[in-house]
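Novice: how does the following fold in three dimensions:
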Amino acid sequence: MRNKRVLFLVEVAIFSALAILLDVIPFLSFKLWAQGGSVSFAMVPVFIMAFRWGLSGGVLTGVLLGIYQILFGAIMVTPLQTLLDYIVAFGVIGLAGVFAKPVWDAAAAHRKKKLMTWVIAGAFIGSLFRFLGHFVAGIVFYGEFAPEGQPVWLYSLIYNGGYMLPAFIVSTIVLGLLFLKRPSILTQSA
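Specialist: Got it, this is the predicted structure:
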């Protein structure tokens, strides 16, 4: 039991560090907007932890990624915006972990279509909730950047959707390739 807990903590630390590296290394991240938002592989390690360890692994890895984002030069307007845009938005990526058990079952049964269905569903849920965190922060804290006459909600939708949809697609493709080729990634062994 103790070895499994140690393995969990070590993996959270390693995968969250890998996530921030995948976001800050220039050729692995494509910045779309001046005020932030990029298409990168940063969500992939968080999703892997969510599918390996469930909610606790995913959420904790995502929260650490959010903290690293703050340390690496986040745009901070207010403490509430920082909490919502970084800690909450990156932590909820780990909600993909609600599908960990069906993912494990599909991988163990060698049911590739079912595996991909659950992986896509989990990545969608994690990406959707991350988007919602950024979307709300965009409405509340960045409305001044909306073009004249454009509703703030539409501005936030376009801005945040413009990088979150491609990030979801890229992450899902990478996860699919990883899990179909190496389903053993989904198991923990202490």
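
Novice: look at residue 88 and say how many residues are nearby.
Specialist: Using other C-beta atoms under 10 Å, residue 88 is surrounded by 20 other residues. Where you see a C-beta, it was placed from the backbone N, CA and C, and this is true even at glycine.

Novice: okay, now the unreliable bits of this protein?
Specialist: In the predicted model of the chain, residues 1, 30, 32-35, 189-190 satisfy pLDDT under 70.

Novice: how about the helices in the chain?
Specialist: For the chain, the helices defined by DSSP state H cover 2-24, 43-53, 55-71, 79-82, 89-91, 100-108, 112-141, 152-181.

Novice: show me the contacts for the residue nearest in space to the middle of the chain.
Specialist: By C-alpha atoms, centre = their mean, the mean C-alpha position of the chain lies nearest to residue 43, the distance being 3.5 Å. Contact partners of residue 43, counting by C-beta atoms under 8 Å, 6 or more residues apart in numbering, are 19, 93, 123, 126-127, 130, 167-168, 171.

Novice: then residue 167?
Specialist: Contacts of residue 167 by C-beta under 8 Å, 6+ apart are 38-40, 42-43, 127.

Novice: the helices of the chain into a markdown table, with extra columns for distance to residue 187?
Specialist: As requested, the helices of the chain are exported to a markdown table (distance: least, C-beta to C-beta, whole Å):
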| stretch | distance to residue 187 |
| --- | --- |
| helix 2-24 | 11 |
| helix 43-53 | 7 |
| helix 55-71 | 13 |
| helix 79-82 | 36 |
| helix 89-91 | 24 |
| helix 100-108 | 8 |
| helix 112-141 | 13 |
| helix 152-181 | 11 |
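
Novice: quick check: which of these is nearest to residue 31?
Specialist: helix 152-181 (8.7 Å; C-beta to C-beta).

Novice: what residues sit buried inside that closest one?
Specialist: When burial is assessed from 16 or more other C-beta atoms under 10 Å, helix 152-181 yields the following buried residues: 155-156, 159-160, 163-164, 167-168, 170-172, 174-176, 178-179.

Novice: check stretch 4-17 too.
Specialist: 8, 11-12, 15-16.

Novice: returning to what we had before: closest one of the contacts of residue 43 to residue 104?
Specialist: residue 123 (15.8 Å).

Novice: from the buried residues of helix 152-181, pick the one nearest residue 49.
Specialist: The closest of those to residue 49 turns out to be residue 175 (C-beta to C-beta; 11.7 Å).
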